[in-house]
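Student: one predicted model, sequence on top.
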Amino acid sequence: MEQYVVFKSHGQYFAILVQNVDRIIEASQFIILPEVSDFILGVYEYQEKMIPIVDVRKKLFREYTEKNEATKVVLCQWEGQSLGLYVEDIVDISYMETSRYEEELVRAALKQGYIEQFLKLDERVVMQLSMAFLFNNQQETPPLIDIETFTDLEEE
């Protein structure tokens, strides 16, 4: 079992490995850059580096995350690069078990490249996001499936 940072976006639960996370910070003021993808909110200066900030909700669902007391930035490292993930709420930092949902989705041709694997946190299904997807500056339109669909797949 591995440890993950679990966060919420658009009512769904997502996770990334703790080993990819440097820190979780409160930040909402970013330096806006012209001519970048609309899910990139700008850059944030952190420890003498300029870190691009990606709005996870905008990247996945094409809707901006509303700023509130719960919004956070998850500072990540992957393959020598830094990135900040602007998320609606940090839910937990915990160890989770993998599920077998990928097998059903692969068979149904529904598994998307942004999903690394499916995890279980209590009774919740959590999607581990692919770091390659998060660090890719191209906008993709992943057809996300809601939790009820996963429950239906499990019952079959």
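Tutor: Cool, got the structure. Numbers count the residues shown, from 1 in each chain.
Student: parallel or antiparallel, which strands does the longest strand along the chain pair with?
Tutor: With secondary structure taken from DSSP state E, the chain has its longest strand at strand 89-98. Paired with strand 89-98 in the same sheet, following DSSP bridges, are strand 2-9 (antiparallel), strand 115-121 (antiparallel).
Student: quick one, which of the ones you listed is nearest to Asn68?
Tutor: Minimum separation from Asn68 across the strands paired with strand 89-98 (C-beta to C-beta) falls at strand 2-9, 11.9 Å. For every residue, glycine as well, the C-beta is placed using N, CA and C.
Student: and Val125, how many neighbours?
Tutor: Using other C-beta atoms under 10 Å, Val125 is surrounded by 19 other residues.
Student: after the helix or strand containing Arg23 comes which helix or strand?
Tutor: Secondary structure assignment for Arg23, by DSSP states H and E: strand 21-25. Note on strand 21-25: by DSSP H and E, the next helix or strand toward the C-terminus is strand 40-46.
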